[in-house]
Structures are given as C-alpha cells and as structure tokens.
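Chemist: build the 3D model from these lines:
(one chain, ligands or ions: 1)
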Amino acid sequence: MSEETPMPAAPGYKIKVTANGPYIVTGGVPLSEWIICHDPDGHSHGWREGRKFGAPSAYALCRCGGSKTKPFCDGSHFSNGFDGTETASREPFAARSMELAGPELTLSEVPVLCSQARFCQRAGDTWHLVQKSDDAVSKEIAIEEAAECPSGRIVLRDKSGKLLEPLLPPSIGLVEDPVKGRSGPIWVRGGIAVEAADGFVYEIRNRVTLCRCGHSNNKPFCDGRHVKVKFRSSE
Ligand code: FES
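Modeler: Numbering: from 1, shown residues only. The predicted structure follows:
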C-alpha cells in the first residue's frame with residue numbers, strides 16, 4: 001500500500017455524510033471509545049480501548065456536537081442551526097502533502113488534517129526524529145509516533161519508498177483525550193469509505209478522523225477545533 005497507490009476500500013462498510021446531519025454508518029462497523037494514553041511527561045503515547053458499542057448493522061453518529069445521546073444522533077441538528085457544509089479538499093493526500101526527507105525515513109504531511117492528538121510531540125517531535133533517523137532509536141520512535149497518529153496527517157516511508165502504516169482493522173474509534181479534558185474526533189480505521197453528501201467518495205485511507213464537535217473548518221474531517229471549543233461527549 002502507498003499513498004500514491006490508493007488503498008482498496010474495506011468491503012461492505014460505508015460512512016455516509018448527510019447534509020447538515022449525522023454520519024450514517026452501514027455494514028456492521030465495530031464502534032468503541034479509544035482513549036489517548038500518555039507517558040510520565042504528559043506526552044501522548046499509546047491507546048486504550050474504552051466503552052464498546054458492538055457492531056450494529058447501521059447507526060447514525062452525531063456530527064453536529066449537539067446530541068444528548070452521543071455518540072449517536074438524536075435529531076438535535078434539526079433545531080440547533082448546524083451547518084455541516086463539506087469544505088475539505090478532494091485531492092488525494094499525495095497531491096497536496098509536503099515532504100521532509102531524513103537519512104532513513106521520509107515524512108509526508110498535510111497539516112490541516114491534524115486532530116491535535118499530539119503523538120508527534122514526544123522525544124523531540126517526529127520531524128526532528130526523522131532528520132536523525134540514521135540513529136536506530138530515533139527511527140523506531142518516529143515510526144511509533146506516526147503510527148499512533150489517528151488522523152493520518154503524518155505518513156512515513158522507508159528508504160525503499162515502502163509505506164510504514166499500522167495494521168488497523170476496519171472499525172470506528174471515538175477519541176477521548178483525558179489530558180486535555182476533551183473528546184476528540186471519530187477515528188475511521190482500516191480503509192472504510194467515507195462518502196460525501198453529494199455522493200463523492202473521499203480518498204480511501206488507512207486512517208482518517210471525522211469531526212464530531214461540529215466546528216471543524218475542514219468538514220467532514222477534523223481540524224482540531226474540538227480542543228478550542230472544549231468539546232466533551234458527556235455534555
Ligand atoms: S448530527 Fe444529529 S444530533 Fe448531531
């Protein structure tokens with residue numbers, strides 16, 4: 001798999017973005033909370049699974065941020081003025097990414113996709129680690145950090161051009177960020193197709209994050225705005 005060679009869609013699963021309404025998930029996609037863990041210095045490192053919701057054949061996930069029955073839609077979007085207009089680029093990742101080449105690793109990134117999960121900040125940050133990736137420990141940590149990023153903002157390749165992606169089963173994670181006291185985006189994993197309200201199918205990727213606070217300026221994708229607006233799924 002490579003960001004230049006499109007990933008095949010996970011068969012049978014789909015997320016449909018509806019106009020000014022929820023995400024309709026079909027095909028029996030497993031749904032659970034995923035909680036960001038951290039190291040002794042408070043840097044994001046690792047994940048743990050929280051509440052599980054099974055794998056219903058179809059469900060509607062709130063994307064306006066206003067439901068009283070989160071993560072599911074309760075129809076509040078009809079009365080709270082939610083504007084779900086999709087403004088995200090429809091170009092593939094490879095066509096708009098910036099590159100940073102290190103001795104052993106190359107980093108590609110699209111900053112607007114950042115979901116503020118902060119896995120890239122540990123041990124001096126992924127960019128610095130890539131630049132000294134001829135050091136085995138730096139290389140290993142860089143790969144680990146990029147793989148923990150839920151949004152796919154950062155993608156690493158080795159010297160041969162091979163993509164270094166984590167193996168993610170098709171599933172949906174509801175990100176919780178206890179260090180920041182915020183709830184994060186919807187973490188779509190394993191190549192599940194995301195279809196826009198007008199029928200366009202976004203590039204199939206191993207991992208993307210979808211907005212669920214209702215405030216992203218890059219809908220349907222998360223741009224980290226949940227941190228600023230203090231989004232909490234329990235409210
Ligand atoms: S999208 Fe329906 S309540 Fe939020």
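
Chemist: stretch 60-79: end-to-end distance?
Modeler: End-to-end distance of stretch 60-79 (Cα to Cα, to the nearest Å): 17 Å.

Chemist: touching it from outside, list them.
Modeler: Residues from elsewhere that reach stretch 60-79 (Cβ atoms under 8 Å, 6 or more residues apart in numbering): 17, 20-25, 31, 53, 59, 80, 82, 84, 172, 174, 186, 210-215, 219-220, 229, 231, 233-234. Just so you know, the C-beta spots here come from the backbone N, C-alpha and C atoms, and that holds for glycine as well.

Chemist: give the buried subset of those residues as a PyMOL selection command.
Modeler: In PyMOL syntax, the buried subset of those is picked out as below (16 or more other Cβ atoms under 10 Å):
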select buried, resi 17+21+22+23+24+25+31+59+82+84+172+174+186+210+211+212+213+214+215+219+220+231+233
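
Chemist: could you give the mean pLDDT of the lengthiest helix in the chain?
Modeler: Ranked by residue count and defined by DSSP state H, the top helix of the chain is helix 136-148. Average pLDDT, helix 136-148: 98.

Chemist: cool, and stretch 191-204?
Modeler: The pLDDT scores in stretch 191-204 average 98.

Chemist: then stretch 69-83?
Modeler: When pLDDT is averaged along stretch 69-83, the result is 98.

Chemist: before we move on, the earlier item: of all the residues in the helix or strand that the longest helix of the chain is followed by, which ones are buried?
Modeler: Using DSSP states H and E, the helix or strand that follows helix 136-148 towards the C-terminus is strand 154-158. Neighbour counts over strand 154-158 (16+ other Cβ under 10 Å) mark 154-157 as buried.

Chemist: now do strand 154-158: which elements does it pack against?
Modeler: For strand 154-158, the packing partners by 3 or more Cβ pairs under 8 Å, 6 or more residues apart in numbering; DSSP states H and E come out as strand 105-109, helix 136-148.

Chemist: just the residues contacting whichever helix or strand comes after that strand, thanks.
Modeler: Helices and strands here follow DSSP H and E; after strand 154-158, the next one along the chain is strand 171-177. Applying Cβ under 8 Å, 6+ apart, the external contacts of strand 171-177 come out as 15, 25, 29-36, 47, 50, 61, 71, 115-117, 150, 183-190, 192, 209, 212, 227, 233.

Chemist: for I36, give me phi and psi.
Modeler: Here is the backbone geometry of I36 (degrees, to the nearest 10): phi -70, psi 120.

Chemist: who's in contact with it?
Modeler: With Cβ under 8 Å, 6+ apart, I36 has these contacts: 44, 47, 117-118, 175-179, 184.

Chemist: residues in a beta bridge with it, which ones?
Modeler: W47 (DSSP bridges).

Chemist: report the separation between it and R51.
Modeler: Applying Cβ to Cβ, to the nearest Å, the value for I36 to R51 is 15 Å.

Chemist: with N218 instead?
Modeler: Counting by Cβ to Cβ, the gap from N218 to R51 is 27 Å.

Chemist: ok, the two, which is more surrounded?
Modeler: Shown here are N218 and R51; by other Cβ atoms under 10 Å, N218 has more neighbours (18 against 11).

Chemist: would you agree that one is in contact with C114?
Modeler: No: with contacts counted by Cβ atoms under 8 Å, N218 stays clear of C114, the gap being 9.7 Å.

Chemist: who does R157 bridge with?
Modeler: T106, L163.
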